[in-house]
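> next come a sequence and a model predicted from it.
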Amino acid sequence: MPILFIPTKNRPASLSWVLNYLARFYPDTRVVIADGSDECYKASNMSSVEKMQSGLSVNYKTYSQETGFIDRCLDALNSEPEEYIVFGADDDYPNMELMFKGEKFLKKNPDFSTAMGARVVLNLKKDEVIRSRLAVVRPVECAEAWQRMKIYSKWSFATTYAVTRRRHLLKRFKRLKQLAPIGFYDFMVGLHDAACGKIKAYPEVGFFTTRTYTHNFIRNTDKLFFIHNSKDILKLQEIVREDLEFEGLLTTEETEKQSEIIMLNRIAELTGRDFRKLANFSKSKLFNDHIVQSQYKLYNNIFDLSTKEGKKYSKHLRYIYQAMQSIVESSNRLEGKFVNTLDGKPDQEKQGSA
């Protein structure tokens, strides 16, 4: 089974619930934790890890609270000898059976960069109601990198909740360290995955991801940030252009054109005019792909105990609901006071939903 890598910071209750979830549902999981918490939270995290030692195999690494997210990930991954890694989080719950399936697939298919399943996103609001949505993942399996990048950008999705080769993750974070503006983080990761190989998508659930109204999260506070930070966005386009040029299949003019299309697709998503809002979206090949349609069917059935999907995941969901309620009630941290940025610096001026 692949390693589950969990970066964490100041969320001891969340981390404890995830570890206990793994011990209950996937006790053979091997876990690497990169803890950049303040000192007052590390003792709680260490206690949670020590309680797991009779079950899970946990490699617990601690870092200064001043160490940024990307630097922690790079250091921990550089010291990890295992080749296949699932990138997790301290408040997200993986389907490790599917990740194991993805690992076996990647071993047999070196032309694929990553493998993943759909995400079910659970959001606990202040009215104590948990709202859910499906985060679709799509197969991107064109032979040529520039075609994969273009198709990915048309309807982008987060590719981090997946099993991936360690060397690819290291390349990913070294690249993000150069430039990773919020609003383009998942997009640039997905483009990189598509540039480096095909993307395998399964119809099953890969992750249950959670958010509560007390948790802090990465977000952008400026709705027009891509205009105000246009120089950074143009630098991203240059990175995209370099990726497109790597295969040597496009002319200079075609490379420029495709890089513009890719970046405009992301800006359209950010401004509410993305592919899913088009009149013919429901008739498109991307929407009607059999993997995508299978994910929608699964999502429609997963909360119905009379269906096989509902029966399969009912215990997982009950556990996660209990975890979310408990985490809100805990003194996990002063959540909601600020939001995290990728460089680890808090923005204390605004808060809200991503």
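It's in.

> now Ser314: how far from Leu305?
Distance of Ser314 to Leu305, given as CB to CB, to the nearest Å: 6 Å. (Glycine included, C-beta is placed from N, CA and C.)

> looking at the two, which is more packed in?
Ser314 (14 against 11; other CB atoms under 10 Å).

> just checking, the more buried one touches Ser306?
No: shown here, Ser314 and Ser306 do not form a contact pair, counting by CB atoms under 8 Å, at 10.8 Å.

> name the helices or strands packed onto the longest strand along the chain?
Assignment by DSSP state E gives strand 198-212 as the longest strand of the chain. Under the contact criterion of 3 or more CB pairs under 8 Å, 6 or more residues apart in numbering; DSSP states H and E, strand 198-212 touches strand 92-94, helix 96-108, strand 112-124, helix 145-154, helix 290-301, helix 308-329.

> in a markdown table, list the ones you listed along with distance to Leu56 and mean pLDDT.
Listed next are the helices and strands packed on strand 198-212 as a markdown table, based on distance: least, CB to CB, whole Å; pLDDT from 0 to 100:
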| stretch | distance to Leu56 | mean pLDDT |
| --- | --- | --- |
| strand 92-94 | 13 | 97 |
| helix 96-108 | 11 | 98 |
| strand 112-124 | 22 | 97 |
| helix 145-154 | 34 | 96 |
| helix 290-301 | 27 | 97 |
| helix 308-329 | 16 | 94 |
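
> and the ones you listed: which comes nearest Arg172?
strand 112-124 (9.6 Å; CB to CB).

> elements contacting the closest one?
helix 96-108, strand 130-135, strand 163-165, helix 185-196, strand 198-212, helix 290-301, helix 308-329.

> what angle do it and strand 198-212 make?
Relative orientation of strand 112-124 and strand 198-212, computed by axes from the mean of the first three to the mean of the last three CA atoms, to 10 degrees: 20 degrees.

> what angle sits between strand 112-124 and helix 185-196?
Using the same axes, to 10 degrees: strand 112-124 against helix 185-196 is 160 degrees.

> tell me the SS of Ala158?
Taken by DSSP: H, G, I helix; E, B strand; the rest coil, the conformation at Ala158 corresponds to coil.

> how about it: what's its closest non-neighbour residue?
Asp186 (4.4 Å; CB to CB, 6 or more residues apart in numbering).

> cool, and Met96?
Tyr26 (4.0 Å).

> per-residue pLDDT, Tyr41?
For Tyr41, the pLDDT comes out at 91.

> with Gln348 instead?
36.

> ok now the helix or strand just after the longest strand of the chain, how far from the chain's centre?
Note on strand 198-212: by DSSP states H and E, the next helix or strand toward the C-terminus is helix 225-228. When distances are taken as CA atoms, centre = their mean, to the nearest Å, helix 225-228 is centred 24 Å away from the chain's centroid.

> kindly report the same for stretch 166-184.
On CA atoms, centre = their mean, the centre of stretch 166-184 falls 13 Å from that of its chain.

> sorry, back to before: list the contacts of the residue nearest to Met96.
The contact partners of Tyr26, by CB atoms under 8 Å, 6 or more residues apart in numbering, come to Met1, Pro94, Met96, Glu97.

> Phe207 versus Leu170, what's the distance?
Using CB to CB, Leu170 is found at 22 Å from Phe207.

> and those two? Which one has more around it.
Phe207 (26 against 16).

> show me the contacts for the more buried one.
Here Phe207 is in contact with Gly88, Asp92, Tyr93, Pro94, Asn95, Gly117, Arg119, Val120, Tyr161 (criterion: CB under 8 Å, 6+ apart).

> what do you get for His168?
By CB under 8 Å, 6+ apart, the contact list for His168 reads Ser113, Thr114, Asp193, Cys196, Gly197.

> mind putting these in TSV, neighbour count and distance to Lys126 included?
Below are the contacts of His168 laid out as TSV (neighbours: other CB atoms under 10 Å; distance: CB to CB, whole Å):
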residue	neighbour count	distance to Lys126
Ser113	25	39
Thr114	30	35
Asp193	25	35
Cys196	21	41
Gly197	21	42
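
> pLDDT weak spots in the chain?
The chain contains residues with pLDDT under 70 at 53-54, 179-182, 216-222, 331-354.

> kindly recompute the last result at 50.
332-354 (pLDDT under 50).

> the residue most central in space within it: what's it in contact with?
In the chain, the centroid-proximal residue (CA atoms, centre = their mean) is Thr160; its distance is 3.5 Å. By CB under 8 Å, 6+ apart, Thr160 lies in contact with Phe87, Asp186, Val189.
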